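*Asks:* have a look at this prediction, sequence included:
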Amino acid sequence: MLLKEEVQLLRRIPYFAKVDPCRLKLLAFASSRVSYDADQELFHQGDAGDCAYVLLDGSADILMESPEGEVKIGEVKGDCIVGEVCLLCDGVRTATVRTTTPVEALKICKDAFSKVLIDPGVTREVTRAFAEQLHRTTSELDRTRVGQRQLVN
Ligand SMILES: Nc1ncnc2c1ncn2[C@@H]1O[C@@H]2COP(=O)(O)O[C@H]2[C@H]1O
């Protein structure tokens, strides 16, 4: 795929929509195209992580381990980024990501991702995405608590 096409694909991701064209070109240059079949793991909860994935096509489940087994906490599909948390927090993978269909993605290494974070537009988008995710997770937690209380009473 041409570098120009990869830049256009990255531009479709809200995180990178407002990134300076030269910086986005560098990011495209540093990323590599990867393909997965359905039911393959991109990575596993608890793994050390050194890259994020921009999903271009296909979908995947976000799964967490629990005492009752694996629980689906979300899903991702085309034009989004996944695996960015452990790059931003310098931690381990917070969840397992497993494809539910064949997936085409761009793999972005930590160094290249850190370089685009210098762009204020990206920082704003990352903060907004985190706030939205926190809001969704808090609402789900509230719903679960209400459900548990109703079961007890
Ligand atoms: N609650 C959630 N909702 C949506 N995506 C999530 C959630 N928790 C984790 N993820 C994604 O799953 C990924 C697991 O690896 P990371 O922690 O690197 O980055 C994480 C996010 O991209």
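*Replies:* Received it, and whenever you're ready, just let me know what you need.

*Asks:* ok, the residue nearest the centre of the chain - contacts?
*Replies:* Centroid-nearest residue in the chain: V82, 1.3 Å away (criterion: Cα atoms, centre = their mean). Contacts for V82 (Cβ atoms under 8 Å, 6 or more residues apart in numbering) come out as L42, A52, Y53, L55, A60, I62, V76, V97. To be clear about C-beta, it is placed using only N, CA and C from the backbone, and glycine gets the same treatment.

*Asks:* what about the fifth one, neighbour count?
*Replies:* The local packing count at A60 equals 27, with neighbours defined by other Cβ atoms under 10 Å.

*Asks:* need the pLDDT of it.
*Replies:* A60 carries a pLDDT value of 98.

*Asks:* which residues sit against the helix or strand hosting it?
*Replies:* Taking DSSP states H and E as the criterion, A60 maps to strand 59-66. Residues from elsewhere that reach strand 59-66, judged by Cβ under 8 Å, 6+ apart: 42, 45, 70-78, 82, 94-101, 103.

*Asks:* go again using 10 Å as the cut-off
*Replies:* Residues from elsewhere that reach strand 59-66 (Cβ atoms under 10 Å, 6 or more residues apart in numbering): 36, 38-42, 44-46, 53, 69-78, 80, 82, 94-103, 105.

*Asks:* which members of those residues occur in strands, if any?
*Replies:* Using DSSP state E, 36, 41-42, 53, 69-77, 80, 82, 96-99, 103, 105 are the members of the contacts of strand 59-66 that sit in strands.

*Asks:* mind checking how far the nearest residue to A17 once chain neighbours are set aside is from the ligand?
*Replies:* In this structure, A17 finds its nearest non-sequential neighbour in R11, 6.2 Å apart by Cβ to Cβ, 6 or more residues apart in numbering. Going from R11 to the ligand by Cβ to the nearest ligand atom, to the nearest Å gives 20 Å.
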